[in-house]
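Enquirer: A predicted structure for the sequence below; I have some questions about it.
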Amino acid sequence: MQQAVSIPRRITNVQDMSQVQQLLWARPVFWNLFTKTVRVRYRRTMLGFFWSLINPTLNLIIYSFVFTLVFQVRMENYVVHLMAGLLPFHFFRNTVSMAADTLVSGARFFKKQFLPKMIFPIVGLCGNLVDFLLAYAVLLTVGNTFLGFKLAPAQLFLPISLLLIVAFTLGCALIMSIAGTYFADLQHIFNVVIQTVLYGTPVLYSMDMVPEKLQPYLKLNPMYYFITNFTLPLYYHQVPDLTQILVSTVLAVGALVAGIALFLKYESEVIFRV
Amino acid sequence: MNSDGALDGPILEIKDLSMRFRIEHPTTLKEQVMNVLKRRRYANPNDNNTSFWALRDVCFSLEEGDRLGVIGVNGSGKSTLLNLICGIYKPSAGTIIRRGAIFPVLQMGLGFDSEATAEENVYLTASFYGFHKHEVTSLVDEIFEFSELTAFRDQPLKIFSTGMQARLGFTICTSMTPDILVLDEVFAPGDAHWVQKALKRLHEMMDSARLLIMATHNMGHVKNYCNKCLWLHAGQIKAFGGVEVADQYLKRYSSCQKF
């Protein structure tokens, strides 16, 4: 009995392709894993995908209530400043922290079939990116309607801010995914350190609340640049100056190059570690 | 690892292939810190106490149409060899030249997601072989018809019995047209009626492959399906030749089977 239909025979061998070709070959796997991570979150919920919009909206309402009515923070539109920086910070923190697990949980796939392992941390990043973008969309619409924040031409810089933080986060996530398979403790260490870094970044406070002699020290923190890339256009209606754009570009490209290089060097060793 | 050889030649060429595994000794945090402080490597790969050779200096090549049965006792390196051929492991030494696309079936139902529906799982498994959804759509009807699961097509996989999942996984794998088919002890499971039709399908798939490599403990399979046989022992080739190697193997171990 001959089968009526069959898949065309593949003659190219993924094992012998270049890295870029391998990633292109893995598009179907990537797409399936990505839709799975998004679907898993709202599995068996009634509101499903809308939770991605409800969560940030509720957060906005709670923060507005707590900080403006209870704490009576004097800074104008404090919640807009807070959320503008907190959302990208959470995107970075969640992606890098979760990256430590991506190769461990992906092992059940790449132990049975050759796969370019880079897709696993990238899938993790994309899942968090969806959440981040939806929350930011809520901030822009709700903030614009109720919180008295204004749209300004400087906000056209935001896509560049996004590009820079995505590149930086991807680089760090690639490093974390490899390092996390060697030292599982690293994820916990990262979570503690990043908590401290949050207080060293102008998210909960604005830069002009910081004593002038302390300000240069805050700028030693890489997150300062990626976060203020968001708060400056959104809250202050200013485009970051050239120095800041340059520093954040160098940091982002540096992290990305280091991440890719480290990942490719240790990629084939990972299977013996998970 | 690279197909840097000439374009024509044996479909699969394996030269001086060796694989060394590290033995991980459980270390405490204190020991790890001390190792770093003493500038000692985590594990010295040249130290025989911390590594062992799962495969050593394996050389052979396979021509168009060859069917190879890989035999040997447990731990002799069969699975390691298959993993190396499939590119899942990177060899410690030696080269593998592949002049065809590897189709590994080391596990039926690769990548199954129990929360997704049966139909979604067909696309999921196919994606791990690099197939896009639109390339597989035409196969889905046939897959469900053959596996007799059409009624459960839109049901989540978690309600499937183990047997039903195995049937679906088997049918998906056997609906592909492989170039170099690599099977690791994979045969049709299930009741008599199913096994009969499944075996027929498996044979059709095996016949369509340009090259077949299977690891098995069943010498009957070697004699029925293969024209070549590789006997591995402690990571080295004990014998390589026709199916008579399977008889040698049986003779060697027949004393163990008599009580």
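Expert: Done, it's in. Note that the coordinates shown come from a computational prediction; the quantities given were computed from them, not determined experimentally. Numbering: from 1, shown residues only, chains lettered A, B, ... in the order given.
Enquirer: from now on I want contacts and neighbour counts done on CA atoms only, so please keep to that.
Expert: Fine.
Enquirer: so what touches stretch B:109-126?
Expert: A:29, A:32, A:108-109, A:112, B:128, B:132-133, B:136, B:140, B:152-158, B:165-166, B:168-170, B:172-173 (C-alpha atoms under 8 Å, 6 or more residues apart in numbering or on different chains).
Enquirer: looking at these, which are in helices?
Expert: A:29, A:32, A:108-109, B:133, B:136, B:140, B:165-166, B:168-170, B:172-173 (DSSP state H).
Enquirer: just the helices in the stretch 151-274 of chain A please.
Expert: Taking DSSP state H, counting those that start in this stretch, the helices of the stretch 151-274 of chain A run over residues A:158-182, A:185-199, A:215-218, A:222-231, A:242-266.
Enquirer: got the angle for the second one vs helix A:158-182?
Expert: Right, the one you point to is helix A:185-199. 150 degrees (axes from the mean of the first three to the mean of the last three C-alpha atoms, to 10 degrees).
Enquirer: by contact count, what packs against helix A:185-199?
Expert: helix A:78-110, helix A:158-182 (3 or more C-alpha pairs under 8 Å, 6 or more residues apart in numbering or on different chains; DSSP states H and E).
Enquirer: hmm, back to that, mean neighbour count and mean pLDDT for the helices of the stretch 151-274 of chain A - can I get that in TSV?
Expert: Shown next, in TSV, are those (neighbours: other C-alpha atoms under 10 Å in any protein chain shown; pLDDT from 0 to 100):
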stretch	mean neighbour count	mean pLDDT
helix A:158-182	22	96
helix A:185-199	14	95
helix A:215-218	12	91
helix A:222-231	24	96
helix A:242-266	17	97
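Enquirer: same list (the ones you listed) but as JSON lines, adding distance to A:G143.
Expert: Listed next are those as JSON lines, based on distance: least, C-alpha to C-alpha, whole Å:
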{"stretch": "helix A:158-182", "distance to A:G143": "16"}
{"stretch": "helix A:185-199", "distance to A:G143": "23"}
{"stretch": "helix A:215-218", "distance to A:G143": "28"}
{"stretch": "helix A:222-231", "distance to A:G143": "14"}
{"stretch": "helix A:242-266", "distance to A:G143": "26"}
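Enquirer: and the residue of chain B found nearest chain A, how many neighbours?
Expert: Using C-alpha to the nearest C-alpha, B:A101 is the residue of chain B that sits closest to chain A, at 4.4 Å. Using other C-alpha atoms under 10 Å in any protein chain shown, B:A101 has 21 other residues around it.
Enquirer: nearest spatial neighbour of it, skipping sequence neighbours?
Expert: Of all residues not flanking B:A101 in the chain, A:N13 sits nearest, at 4.4 Å (C-alpha to C-alpha, 6 or more residues apart in numbering or on different chains).
Enquirer: hmm, the one you found is touching B:P104, no?
Expert: No. With contact defined as C-alpha atoms under 8 Å, A:N13 does not count as touching B:P104 (11.6 Å).
Enquirer: more crowded one of these two?
Expert: The neighbour count for A:N13 versus B:P104, taken as other C-alpha under 10 Å, is higher for B:P104 (24 against 18).
Enquirer: residues in contact with the more buried one?
Expert: B:P104 touches A:112-113, B:86, B:181-183, counting by C-alpha under 8 Å, 6+ apart.
Enquirer: those, buried ones only, as a ChimeraX selection?
Expert: Burial among the contacts of B:P104 is assessed by 16 or more other C-alpha atoms under 10 Å in any protein chain shown; the matching ChimeraX selection reads:
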select /A:112,113 /B:86,181,182,183
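Enquirer: quick check: the farthest pair among the contacts of B:P104?
Expert: A:K112 and B:L181 (13.7 Å; C-alpha to C-alpha).
Enquirer: any residues in contact with both of the two?
Expert: B:104-105.
Enquirer: now which of the ones in helices among the contacts of stretch B:109-126 would you call buried?
Expert: A:29, A:32, A:109, B:133, B:136, B:140, B:165-166, B:168-170, B:172-173.
Enquirer: ok, the residue of the stretch 151-274 of chain A found nearest chain B to B:D113 distance?
Expert: Chain B sits closest to A:S268 of the stretch 151-274 of chain A, with a gap of 6.3 Å, by C-alpha to the nearest C-alpha. Going from A:S268 to B:D113 by C-alpha to C-alpha, to the nearest Å gives 26 Å.
Enquirer: now the helices for chain B?
Expert: B:29-37, B:78-85, B:118-127, B:133-146, B:162-173, B:192-208, B:219-225, B:244-257.
Enquirer: looking at the ones you listed, which one is packed in the most?
Expert: When those are scored by mean count of other C-alpha atoms under 10 Å in any protein chain shown, the highest mean neighbour count falls to helix B:118-127 (a mean of 24).
Enquirer: mind saving the C-alpha coords of it as CSV?
Expert: Taking Å, rounded to 0.1, in the frame of the first residue of the first chain, the C-alpha atoms of helix B:118-127 are listed here in CSV:
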residue,chain,number,x,y,z
ALA,B,118,-4.2,15.7,19.2
GLU,B,119,-4.2,17.6,15.9
GLU,B,120,-2.0,20.3,17.4
ASN,B,121,0.4,17.7,18.5
VAL,B,122,0.8,16.4,15.0
TYR,B,123,2.0,19.8,14.0
LEU,B,124,4.1,20.1,17.1
THR,B,125,6.0,16.8,16.4
ALA,B,126,6.4,17.6,12.7
SER,B,127,7.9,21.0,13.7
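Enquirer: residues in contact with the residue of the stretch 151-274 of chain A closest to chain B?
Expert: B:89-90.
Enquirer: check contacts around residue 221.
Expert: Chain wasn't specified; assuming chain A. Per C-alpha under 8 Å, 6+ apart, neighbours of A:N221: A:197, A:200-201.
Enquirer: so what's the residue count around B:G69?
Expert: 29.
Enquirer: correct me, but it touches B:N218?
Expert: No. Using C-alpha under 8 Å, B:G69 makes no contact with B:N218, being 9.6 Å away.
Enquirer: thinking again about what came up before, need the contacts of B:P104 in JSON lines (columns: distance to A:T145 and pLDDT).
Expert: Shown next, in JSON lines, are those (distance: C-alpha to C-alpha, whole Å; pLDDT from 0 to 100):
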{"residue": "A:K112", "distance to A:T145": "52", "pLDDT": "92"}
{"residue": "A:Q113", "distance to A:T145": "51", "pLDDT": "93"}
{"residue": "B:C86", "distance to A:T145": "57", "pLDDT": "94"}
{"residue": "B:L181", "distance to A:T145": "61", "pLDDT": "93"}
{"residue": "B:V182", "distance to A:T145": "61", "pLDDT": "94"}
{"residue": "B:L183", "distance to A:T145": "61", "pLDDT": "92"}
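Enquirer: low-confidence stretches in the chain?
Expert: Since you didn't name a chain, this refers to chain A. A:1-11, A:147-148 (pLDDT under 70).
Enquirer: hmm, I had chain B in mind actually
Expert: For chain B (pLDDT under 70), the answer is B:1-7, B:25-28, B:39-49, B:255-259.
Enquirer: near chain A, which residues of the stretch 51-200 of chain B are found?
Expert: B:86-90, B:98, B:100-102, B:104-107, B:110-111, B:124, B:127-133, B:135-136, B:138-139, B:175-179 (C-alpha under 8 Å from any C-alpha of the partner chain).
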